[in-house]
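Enquirer: Let's see this in three dimensions:
(chains A and B)
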Amino acid sequence: GEDVEQSLFLSVREGDSSVINCTYTDSSSTYLYWYKQEPGAGLQLLTYIFSNMDMKQDQRLTVLLNKKDKHLSLRIADTQTGDSAIYFCAEKPSDYKLSFGAGTTVTVRA
Amino acid sequence: DVKVTQSSRYLVKRTGEKVFLECVQDMDHENMFWYRQDPGLGLRLIYFSYDVKMKEKGDIPEGYSVSREKKERFSLILESASTNQTSMYLCASRQSLGSPYEQYFGPGTRLTVT
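Expert: Residues are numbered from 1 along each chain as shown, chains lettered A, B, ... in the order given. Below is the predicted model:
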């Protein structure tokens, strides 16, 4: 999606933290999402944040939202091999639509 | 558990053929979506349907049409397949109301047009 940008690749050592960054354009988006796509599978919602929040923590996942800069990040603590996947950032600019980024392929190396 | 199924995981078709991709969801969701996924481009919305017999164009509808005769089924049709329609096609569904408006995805159909 042209309105949502994220880097394409991230390589991280097992046990380290991963940080995936995303910028979006529509300041009216009420929700911002992180979806995960494992090899050979469809996308699955990993976590989301409501636009009036700055941070959301869910076990190993931390989402940070900077509305002023339209910047969203996902931190995965203690990254495991099972975290190897493509991670998509998405914004919800209207009732029905989601706009997705190109996806960040995370590779976890031993 | 929400389940979205797609009729084929892999499909190979010839240029000019008419292609049907089927999607079925079992959660009585009102809204359904068809995306295509291409490396470096992410997911792009082709068409969506907010209810039975309703459809709206997404961002890249050219060369595609859709059909939603029953609530649980949403079909994507390529009237005359072309090589630039080689892609991964993902179907999704969601309830029309209820935050966070999560979309549930099927496993995808990888279509190759030769």
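Enquirer: tell me how far the host helix or strand of A:Gln44 is from the chain's mean position?
Expert: When elements are assigned from DSSP states H and E, A:Gln44 belongs to strand A:43-50. Strand A:43-50 has its C-alpha centroid displaced from the chain centroid by 8 Å (Cα atoms, centre = their mean, to the nearest Å).
Enquirer: Contacts for it next, please.
Expert: Applying Cβ atoms under 8 Å, 6 or more residues apart in numbering or on different chains, the set of residues contacting strand A:43-50 from outside is A:30-38, A:55-56, A:58, A:61, A:63, A:65, A:72, A:74, A:87-88, B:43, B:90, B:92, B:99-100, B:102-103, B:105. C-beta coordinates here come from the backbone N, C-alpha and C atoms, glycine included.
Enquirer: Give me the sheet partners of that strand and which way each runs.
Expert: Strand A:43-50 sits in its sheet next to strand A:31-37 (antiparallel), going by DSSP bridges.
Enquirer: residues contacting B:Asn31?
Expert: Shown in contact with B:Asn31 (Cβ under 8 Å, 6+ apart): A:96, B:48-51, B:93-96.
Enquirer: can you redo those residues as CSV with pLDDT and secondary structure?
Expert: Written out in CSV, the entries for the contacts of B:Asn31 read as follows (pLDDT from 0 to 100; DSSP: H, G, I helix; E, B strand; the rest coil):
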residue, pLDDT, secondary structure
A:Tyr96, 81, coil
B:Phe48, 95, strand
B:Ser49, 96, strand
B:Tyr50, 92, coil
B:Asp51, 92, coil
B:Ser93, 95, strand
B:Arg94, 92, strand
B:Gln95, 87, coil
B:Ser96, 82, coil
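Enquirer: Out of these, give me the one that has the most neighbours.
Expert: The member of the contacts of B:Asn31 surrounded by the most neighbours (other Cβ atoms under 10 Å in any protein chain shown) is B:Ser93, with 28 neighbours in all.
Enquirer: what residues are up against it?
Expert: By Cβ under 8 Å, 6+ apart, the contact list for B:Ser93 reads B:2, B:4, B:23, B:25, B:27, B:29, B:31-33, B:74, B:103-104.
Enquirer: Show the buried residues in those residues.
Expert: When the contacts of B:Ser93 are checked for burial by 16 or more other Cβ atoms under 10 Å in any protein chain shown, the buried set is B:4, B:23, B:25, B:29, B:31-33, B:74, B:103-104.
Enquirer: Tabulate those (a markdown table), appending distance to A:Gly103, secondary structure and pLDDT.
Expert: Formatted as a markdown table, the entries for the buried ones among the contacts of B:Ser93 read as follows, by distance: Cβ to Cβ, whole Å; DSSP: H, G, I helix; E, B strand; the rest coil; pLDDT from 0 to 100:
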| residue | distance to A:Gly103 | secondary structure | pLDDT |
| --- | --- | --- | --- |
| B:Val4 | 19 | strand | 96 |
| B:Cys23 | 21 | strand | 97 |
| B:Gln25 | 23 | strand | 97 |
| B:His29 | 24 | coil | 93 |
| B:Asn31 | 22 | strand | 94 |
| B:Met32 | 22 | strand | 96 |
| B:Phe33 | 17 | strand | 96 |
| B:Phe74 | 23 | strand | 98 |
| B:Gln103 | 15 | coil | 92 |
| B:Tyr104 | 18 | strand | 93 |
